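**Student:** Using only what follows, build the 3D model:
(4 chains)
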Protein chains: 2
Amino acid sequence: MNENKNISIKDVAKHANVSTATVSHVINGTRFVSEETKRKVHQAMDDLNYRINSVARSLRSRKSHVIAFLAPILASETSNFFFMSVAAGIQSVLKQNNYHLVLSDSHEELEFEEDEIRMLSSQMIDGLIMAPASRECDYDQHFGDYPVVYIDRVPNNHQRDSVLVDNKTVSKEAVQMLIGKGHKRIAFLSGPHTLTTTEERYEGYIEALTEAGIAVDSQLIRIGEVTLSNGYQLTDVLLQHDPSAIFVTDNVMAMGVMSYLQEKSIRVPGRIAVVAFDEFQWTRITSPPLTVIEQPAFELGVKAAEVMLERIENANAPRQEHRLTAKLIVRQSS
Amino acid sequence: MNENKNISIKDVAKHANVSTATVSHVINGTRFVSEETKRKVHQAMDDLNYRINSVARSLRSRKSHVIAFLAPILASETSNFFFMSVAAGIQSVLKQNNYHLVLSDSHEELEFEEDEIRMLSSQMIDGLIMAPASRECDYDQHFGDYPVVYIDRVPNNHQRDSVLVDNKTVSKEAVQMLIGKGHKRIAFLSGPHTLTTTEERYEGYIEALTEAGIAVDSQLIRIGEVTLSNGYQLTDVLLQHDPSAIFVTDNVMAMGVMSYLQEKSIRVPGRIAVVAFDEFQWTRITSPPLTVIEQPAFELGVKAAEVMLERIENANAPRQEHRLTAKLIVRQSS
DNA sequence: TAATGATATGTAAACGTTTACGCGGAATCC
DNA sequence: GGATTCCGCGTAAACGTTTACATATCATTA
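**Tutor:** Numbers count the residues shown, from 1 in each chain, chains lettered A, B, ... in the order given. This is a model prediction of the structure:
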């Protein structure tokens, strides 16, 4: 039971009286080996408690079977919620295909992100799925020669595969629902437009208003840092311009909104209606429960992983862009 | 600009008119190299856009500078909240020490967990920080020869380093606080006792009661699956036994509790007081805001990473067990 | 001036796999 | 019965680093 020295394929070969090639082929099923020999090899592997060294394997085969997922997973509670679901989706399909997932965090900051990409590029990964921290980034020179799939958001003029949510359509739908209930002064509260998602949601909002013949009031549109306290403050500001509904495109800001309304005992939806983004468990226990847009986070991950595997199979296939549809869940807050 | 062939240390050496040894030593600073030569090497690396192949490096040096974190991060919203904070803590110290973090998910299931360990063991990691899915597990034979640090929970008879929360003390404190406010019938709601954390919280609850001379009523103690809906149902059951307060040791079950109380319009804390575990943003926007026990999740990660690095430095240092203290945050629900 | 030491660098063998070749023997063919 | 095919497996060269050992140059010393 000497654990210091790792037993290698050579030891197994010797113990089974075969060549290293045979052992390797038994392990990988890459060429025919007689049943008898297979048995001997497996016996030897068991006897010696052999475990393959995947580092050596990667070095030689130039494949790691590892896909990296780079996203702002640790940045805040919101994003970690969302992106963890995405990760779960990715994981589920990778696992089936014998790939592994490594999670990497960008902190939603460009500098961090670049660091991580640099690190990943030397780490030998077979592919990278990422949600860029800003639309204004261009990492093409930093990427290694693995495929990249953008998820949830994309950089401005990218040439890669992407898997996104149909933000515009669902946002439009949500605002139209509010309009249908008679709301005319609908506020829009979001984070900075450096993310394509935010931009798209904004477009949906605008389009719904203009199609309904409602003038856009810039006083009712507020952009700010994505935090609870900022949501709180901006709600205070917004209320000075007399909205009858608020459409918040971010989950954590929505907490700020709710916290303000609750603290000031402002009736929801009587005095003001609220529609937010992202379906998490807590949105059901606010009073009243929140009307939200549920993003298909898990499915987003599944799709991205599938696209990635296809891309690995065929490097020259035409570029894909997928749009998954989100779902409006109407509860009592609207 | 031919990207197909990766440029290696040999190419750099040739381009700079030095040996591969020199290039390697320049990269790692492992022996003296004259300024002039250093300059040439750096020049060559820049010219060729050289990126080190860390797989080859790992193979040769038998060090990967990668620490794995295995926990139920994707299992549910609760745990992903908590363990992501832990991960952030780990990450922060690893980053400073030039180590990398890979996140691995156990789904809170033993089978999954074993799979992941098997995979990690062949993946060449320098250490493993893990939160075991159950106290009744023994992976010692599956582990490779890297150090293991248990975090948040431990298996029954382990011999490793561990970094834990002082669950018992803080739980006792919480229950004592309730007792101090006159509560005598305090319910205990938790997940199954297969986790040491749950067990410890239970002990704190019991000790607080007995020290105060309050008889333990088994009808007021409910164990169940850790879900919102189960929290909801068990609250219904508990209320038939007339408690004046509920101590919920799990965050997602707490949502179930709150959702029930809210739906039935039961006054909190007037009719019933609630104390829950884990401080997340949403606990501030329930009505009323929740009294919770805040676990030092980030600090837990920091400590675990520090312990890991020490252990890597010195394999024979005495075993460490750390207990970090949690904090009771009293809000309106109690 | 020969020996010594210090200084700066080079040579080549590992690390544990995968895989392009090749080879011996049995079976098949004409 | 010689040529051909097929079957099952072995040999050894990579993959890109790190690192023990060796070496060449030069200044210093006796």
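
**Student:** isn't residue A:7 right next to residue A:53, touching?
**Tutor:** No. Applying CB atoms under 8 Å as the test, residue A:7 and residue A:53 come out as separate, 9.8 Å apart. For the C-beta atoms, the positions are set from N, CA and C on the backbone; glycine is no exception.

**Student:** Next, the contact list for residue A:165, please.
**Tutor:** Applying CB atoms under 8 Å, 6 or more residues apart in numbering or on different chains, we find residue A:165 in contact with A:152, A:197, A:295-296, A:300, A:323-326.

**Student:** same check, this time on residue A:131
**Tutor:** For residue A:131, the contact set (CB under 8 Å, 6+ apart) comprises A:70-72, A:83, A:86, A:106, A:150-153.

**Student:** how much space is there between residue A:223 and residue B:315?
**Tutor:** 53 Å (CB to CB, to the nearest Å).

**Student:** Mind checking which of these two has more residues around it?
**Tutor:** residue A:223 (14 against 8; other CB atoms under 10 Å in any protein chain shown).

**Student:** which non-adjacent residue is nearest the closest residue to chain B within chain A?
**Tutor:** Nearest to chain B in chain A, going by CB to the nearest CB, is residue A:282, at a distance of 3.6 Å. Nearest residue to residue A:282, sequence neighbours excluded (CB to CB, 6 or more residues apart in numbering or on different chains): residue B:282, at 3.6 Å.

**Student:** Hmm, that neighbour is touching residue A:290, no?
**Tutor:** No. With contacts counted by CB under 8 Å, residue B:282 stays clear of residue A:290, the gap being 10.9 Å.

**Student:** More neighbours: these two, which one.
**Tutor:** When residue B:282 and residue A:290 are compared for neighbours, residue A:290 comes out ahead with 30 against 26, by other CB under 10 Å.

**Student:** Quick check: the more buried one vs DNA strand D, distance?
**Tutor:** Per CB to the nearest atom of the strand, to the nearest Å, residue A:290 is found 52 Å from DNA strand D.

**Student:** Could you look up the SS state of the closest residue to that residue other than its chain neighbours?
**Tutor:** Sequence neighbours aside, residue A:283 is the residue nearest to residue A:290 in space, at 4.2 Å (criterion: CB to CB, 6+ apart). Assigned by DSSP: H, G, I helix; E, B strand; the rest coil, the conformation of residue A:283 is helix.

**Student:** Now for residue A:283, how many residues are close by?
**Tutor:** Count around residue A:283 with other CB under 10 Å applied: 23.

**Student:** got the contact list for it?
**Tutor:** By CB under 8 Å, 6+ apart, the contact list for residue A:283 reads A:254, A:276, A:289-290, A:292, A:331.

**Student:** Reformat these as a markdown table; add distance to residue A:92.
**Tutor:** Converted to a markdown table, the contacts of residue A:283 look like this (distance: CB to CB, whole Å):
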| residue | distance to residue A:92 |
| --- | --- |
| A:254 | 28 |
| A:276 | 27 |
| A:289 | 29 |
| A:290 | 28 |
| A:292 | 24 |
| A:331 | 28 |
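
**Student:** From those residues, pick the one nearest residue A:25.
**Tutor:** Closest approach to residue A:25 among these (CB to CB): residue A:292, at 53.7 Å.

**Student:** ok, back up a step: please report the distance of the residue nearest to residue A:290 from DNA strand D.
**Tutor:** 49 Å.

**Student:** ditto for residue A:240
**Tutor:** From residue A:240 across to DNA strand D, the span is 61 Å (CB to the nearest atom of the strand).

**Student:** Quick one, grab the pLDDT at that residue.
**Tutor:** Residue A:240 is assigned 97 on the pLDDT scale.

**Student:** Please report phi then psi for it.
**Tutor:** Main-chain torsions, residue A:240, degrees, to the nearest 10: phi -70, psi -10.

**Student:** How many neighbouring residues does it have?
**Tutor:** Counted with other CB under 10 Å, the neighbours of residue A:240 add up to 8.

**Student:** for residue A:242, same thing?
**Tutor:** Quick note: residue A:242 (other CB under 10 Å) scores 12 neighbours.

**Student:** Quick check: it vs residue A:220, distance?
**Tutor:** 9 Å.

**Student:** Find the residues that touch each one of these two.
**Tutor:** In contact with both residue A:242 and residue A:220: residue A:185, using CB under 8 Å, 6+ apart.

**Student:** what's the average pLDDT for the longest helix along chain A?
**Tutor:** In chain A, taking DSSP state H as the definition, the longest helix is helix A:77-96. The predicted model assigns helix A:77-96 a mean pLDDT of 86.

**Student:** following that helix, which helix or strand comes up?
**Tutor:** strand A:100-105 (DSSP states H and E).

**Student:** Would the helix or strand following that following strand count as contacting DNA strand D?
**Tutor:** Using DSSP H and E, the helix or strand that follows strand A:100-105 in sequence is helix A:110-122. No. Figure legend: helix A:110-122 not in contact with DNA strand D (CB under 7 Å from any atom of the strand); closest approach 8.2 Å.

**Student:** which helices and strands sit right next to the next helix or strand after helix A:110-122?
**Tutor:** With elements assigned by DSSP H and E, the helix or strand that comes after helix A:110-122 is strand A:127-130. For strand A:127-130, the packing partners by 3 or more CB pairs under 8 Å, 6 or more residues apart in numbering or on different chains; DSSP states H and E come out as strand A:66-71, strand A:148-151, helix A:297-313.

**Student:** partners of the shortest one, with directions?
**Tutor:** For strand A:148-151, the pairing partners within the sheet under DSSP bridges are strand A:127-130 (parallel), strand A:161-165 (parallel).

**Student:** From the rest of the structure, what touches it?
**Tutor:** With CB under 8 Å, 6+ apart, strand A:148-151 has contacts from A:71, A:86, A:127-132, A:158, A:160-164, A:300-301, A:304, A:307-308, A:311.

**Student:** 7 Å instead?
**Tutor:** A:86, A:128-132, A:158, A:160-163, A:300, A:304, A:307-308, A:311 (CB atoms under 7 Å, 6 or more residues apart in numbering or on different chains).
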